[in-house]
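# Sequence plus predicted model, see below.
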Amino acid sequence: MIKKLGLAVVGLVAVLVGVIATRPAEFAITRTLQINAPPEVVFAHVNDFHQWGEWSPWEKLDPSMKKSFSGPASGVGATYGWAGNTTSELAR
């Protein structure tokens, strides 16, 4: 009985190794989204951290997060910081 069980386990492991060996070494996961707006309109929303609350799903998960902005209003050098709730839906 134990010999049969051992052979079954060895056979199962051999099949698993065979399946794994035939899989590609690399894989990719991609997601796409079509935004029906001109690139300059989209860029303006992404480039200005003050506008992120209008579209960012993260801010909707924790509406009471404390945000801080420094540097220029937008573009190179603008910074955005936040302190949020660690018990948000994302953390669960």
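Received the coordinates, thanks.
# which helix in the protein runs the most residues?
Criterion DSSP state H: the longest helix present in the chain is helix 2-21.
# next SSE after that one?
helix 39-47 (DSSP states H and E).
# Alpha carbons only: can I get that following helix in CSV?
Taking Å, rounded to 0.1, in the frame of the first residue of the first chain, the C-alpha atoms of helix 39-47 are listed here in CSV:
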residue,chain,number,x,y,z
PRO,A,39,-3.4,63.7,-25.2
GLU,A,40,-2.9,67.3,-24.0
VAL,A,41,-6.1,67.2,-21.9
VAL,A,42,-5.0,63.8,-20.3
PHE,A,43,-1.5,65.1,-19.7
ALA,A,44,-2.8,68.2,-17.9
HIS,A,45,-4.7,66.0,-15.4
VAL,A,46,-1.7,63.7,-14.8
ASN,A,47,0.9,66.5,-14.7
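# C-terminal to that helix, what's the next element?
Later in the chain than helix 39-47, the nearest helix or strand by DSSP H and E is helix 57-61.
# And that following helix, what's buried?
Buried residues in helix 57-61, counted by 16 or more other CB atoms under 10 Å: none are found. C-betas here are computed from N, CA, C, even on glycine.
# helices or strands up against the helix or strand hosting Trp82?
Using DSSP H and E, Trp82 maps to strand 79-83. For strand 79-83, the elements it packs on are strand 66-70, judged by 3 or more CB pairs under 8 Å, 6 or more residues apart in numbering; DSSP states H and E.
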